[in-house]
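> no sequence on this one, just coordinates:
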Ligand code: HEM
Ligand SMILES: [Cu+2]
């Protein structure tokens, strides 16, 4: 990293990139700036447009999934059943999980990849722009299908985002086929996105941009993309087996027909655990970009970061059964998966160590992206610690399927993945819109989110330790007080996110003009192009020395 | 930048994705093979071996309990002739199970065994069992279904009781195709 010296000549870049009329035989008609109207978006093959589409889509899904969470928290505000039917409650927990995982977090990362990867490696676009268009436009169909299933007779999916049979086969609603098909579509979309990322990174780097000079975000995404290609097809296989078990009389998971429901859990978590790393590795890349910028120091231990990311990815295939400690695994397997799970926290710890070392004696300033990144480091670590507690097999026998698990994965996913996405949005908004965002409002958003998210998720640890089960619409009276606090935190967190929308919309509309490099300590090719980044960039590859 | 290389990578990656889709399905038989080799999961994978046991361990006995469950959809009665038996490891034993079809229709049934404790499953060796095949009973027919087994003398000393539970499920005549790969 340290020896990247970018030809920091923004002016020359402007000349070569924003001149929309210079002839380029390879690009032909597509090269005349942005087409107008809906066609610009529907037929877009431009990485920046597709990136924006992904990001807007993700934001929409974040609010739809969020609204479902509000329903869940409203029902759990008091013990007893008051607002919704238990079956509807189950549909809410299921759809909330599916939408947040596949609709909010993953598309946000793909959007960031689309926008930033070509800018970071000095490529004019993604390698497969047409496939890029497809992989985005599949998503609205996938999620419309999922959301529509909620309105069918019998309701939408109510078996949890992990869709264990026989809940998802024998006892599932008639709309399960819609669920299956929508997951197929999401899978196809992610796989195409991942293929595009890999092909782009391997083939489109500017001259001189060797692998070991790539920014961490590029590295983490490259590895994430390999994980996606390895496990999304397995998820597709799992839903297919659910489909045929339910509708076509096969018995993959049906003991009565000679199948085994535990087999499903193995297949699902073979996908599921790498999936959780798919949702966190790009975050690591984002944090590794932001911390050095605002600490005004090089990232500490770039090489160890790369190796740590790769080892996390490889190890993530050896830990899946930590989600299944209580199914009756033999002792040897319990021990194997316990030790492997603990082993994974070593490379994760290396990363935390590197970020903290980067901060050490840096001249730190606290702009909004930095605030979110610092919160990420602290709160993600809390999630890592609760993960370690869950990794202890005998302890997990108590914690499994309680709110302790819910607390764990919300710390790593909300204050981890989602906070990093927000940090990224604040960090690159000036590059995307050309305007600085409203710093005051951004800070309000940060502090409100930080406080409310902890009121929301921290007490869940205590609920879980005290034995409150997850995915249940009612609970015993002794849990009432803490649940009230949790729900209040939930509503506060939900409302705080409106501030984010306000900041984004205001920054799209106007504001103080952003320079090419709005952050003093920032490094990387993306800051050599003007803000907003012109429709076409790096038609002539930059030189990286 | 290099079009042929992009094509090559694209092909490779699509191929990998399709391969992983296949791998997901390959996990189904792999799982069975794995459990078979390791004797995990309390599944009963005993082979129909005809090799007679020569060593009988007279120094200890193991109690074998027989339990039967009926799936609600199957209008049968199904009971072992005895509830339990004490055996020396290595000693061969035959026990019969009585089944009656109480309905006016020919029905197919399939017994799915489960042995607990799970890690003892591999030591209960069946040489002949009605559970190896699908069973058909004509309307109101009665049948005696035999099971011949012995206990492997290598059975760990801490196992003093094995419970063999059969759950009898209703089978559609052709559903057995899916299950043949199991046994
Ligand atoms: C130090 C690292 C981590 C360890 C040791 C760890 C360990 C665990 C364990 C043992 C469970 C199963 C708990 C149970 O169901 O009883 C679990 C659940 C979960 N973890 Fe982690 N985890 C770690 C990091 C992460 C990260 C980085 C993410 C995602 C970004 C994540 C997401 C999840 C999710 C979503 C679940 C719950 C899945 C479900 O049942 O719905 N974990 N974790
Ligand atoms: Cu996991």
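Cool, the structure landed. What you are looking at is a predicted structure, and each value in this text was computed from that prediction instead of being measured. Ligands and ions are numbered 1, 2, ... in the order given.
> buried ones in the helix or strand residue A:356 falls within?
For residue A:356, the host element (DSSP states H and E) is helix A:331-359. Neighbour-count burial for helix A:331-359, counted by 16 or more other Cβ atoms under 10 Å in any protein chain shown, picks out A:333-334, A:337-338, A:340-341, A:344-345, A:347-348, A:350-352, A:354-355, A:357-359. (Glycine included, C-beta is placed from N, CA and C.)
> out of these, who's near chain B?
The subset of the buried residues of helix A:331-359 within reach of chain B, counting by Cβ under 8 Å from any Cβ of the partner chain, consists of residue A:333.
> which of the buried residues of helix A:331-359 come close to ligand 1?
A:341, A:344, A:345, A:348 (Cβ under 6 Å from any ligand atom).
> Farthest pair within those?
Pairwise distances across those (Cβ to Cβ) peak at 11.0 Å, for the pair A:341 and A:348.
> picking up where we left off before, going by distance to chain B, which of the ones next to ligand 1 among the buried residues of helix A:331-359 wins?
Compare each of those with chain B using Cβ to the nearest Cβ and the shortest gap goes to residue A:341, at 19.6 Å.
> Please tell me I have it right and the closest one contacts residue A:391.
Yes. Taking Cβ atoms under 8 Å as the definition, residue A:341 is a contact partner of residue A:391 at 4.0 Å.
> any common contacting residues for these two?
Residues touching both residue A:341 and residue A:391 (Cβ atoms under 8 Å, 6 or more residues apart in numbering or on different chains) are residue A:322.
> Next SSE downstream of the one helix or strand in chain A whose mean pLDDT sits lowest?
The least trusted helix or strand in chain A, going by mean pLDDT, DSSP states H and E, turns out to be helix A:10-17, with a mean of 40. The first helix or strand that comes after helix A:10-17 along the chain, using DSSP H and E, is helix A:38-42.
> Please report phi then psi for residue B:163.
Dihedral angles of residue B:163 (phi, psi; degrees, to the nearest 10) stand at phi -110, psi 120.
> Can you tell me, leaving aside adjacent residues, what's nearest to it?
When the adjacent residues along the chain are set aside, residue B:163 lies closest to residue B:65, with 4.5 Å between them (Cβ to Cβ, 6 or more residues apart in numbering or on different chains).
> now residue A:92
Nearest non-adjacent residue to residue A:92, counting by Cβ to Cβ, 6+ apart: residue A:68, 4.7 Å away.
> element containing the one you found, please.
Counting by DSSP H and E, residue A:68 is found in helix A:47-75.
> angle of whichever strand or helix holds residue A:225 against helix A:331-359?
In this structure, residue A:225 sits in helix A:216-247 according to DSSP H and E. Here helix A:216-247 runs at an angle of 150 degrees relative to helix A:331-359 (axes from the mean of the first three to the mean of the last three Cα atoms, to 10 degrees).
> got the buried residues for helix A:216-247?
For helix A:216-247, using 16+ other Cβ under 10 Å, the buried residues are A:216-243, A:245-246.
> what do you get for stretch A:112-123?
In stretch A:112-123, counting by 16+ other Cβ under 10 Å, buried: A:112, A:113, A:114, A:115, A:116, A:117, A:118, A:119, A:120, A:121, A:122, A:123.
> Among those residues, which pair sits farthest apart?
Using Cβ to Cβ, the pair of the buried residues of stretch A:112-123 lying farthest apart is A:112 and A:122, separated by 17.3 Å.
> Residue ranges in the chain under the pLDDT threshold?
All of this is about chain A. Residue ranges of chain A with pLDDT under 70: A:1-33.
> Actually, chain B is the one I wanted.
Low-confidence regions of chain B, defined by pLDDT under 70, span residues B:1-2, B:39-54, B:173-183.
> Nearest to chain A within it, name that residue for me.
Using Cβ to the nearest Cβ, the closest approach of chain B to chain A is made by residue B:24 at 2.6 Å.
> residues in contact with that residue?
For residue B:24, the contact set (Cβ under 8 Å, 6+ apart) comprises A:233, A:234, A:235, A:236, A:237, A:238, A:267.
> Near chain B, list only the ones from the residues you listed.
Counting by Cβ under 8 Å from any Cβ, A:233, A:234, A:235, A:236, A:237, A:238, A:267 from the contacts of residue B:24 sit close to chain B.
> domain assignment for chain B?
Domains of chain B are assigned by automatic domain parsing as B:1-38, B:62-182.
> Tell me how many other residues crowd the residue of the stretch 251-400 of chain A found nearest chain B.
The minimum distance from the stretch 251-400 of chain A to chain B, using Cβ to the nearest Cβ, falls at residue A:258 (3.4 Å). Counted with other Cβ atoms under 10 Å in any protein chain shown, residues neighbouring residue A:258 total 21.
> Let me see the backbone angles for it.
phi 90, psi 0.
> That one against residue B:112, yeah?
Yes. Applying Cβ under 8 Å as the test, residue A:258 and residue B:112 come out as touching, 7.1 Å apart.
> Determine whether the claim that residue B:113 is in a strand is correct.
Yes. Using DSSP: H, G, I helix; E, B strand; the rest coil, the assignment for residue B:113 is a strand.
> Point to the residue nearest the middle of chain A.
When Cα atoms, centre = their mean is applied to chain A, the residue found nearest the centroid is residue A:105 (3.1 Å).
> List the contacts of residue A:495.
By Cβ under 8 Å, 6+ apart, the residues touching residue A:495 are residue A:448.
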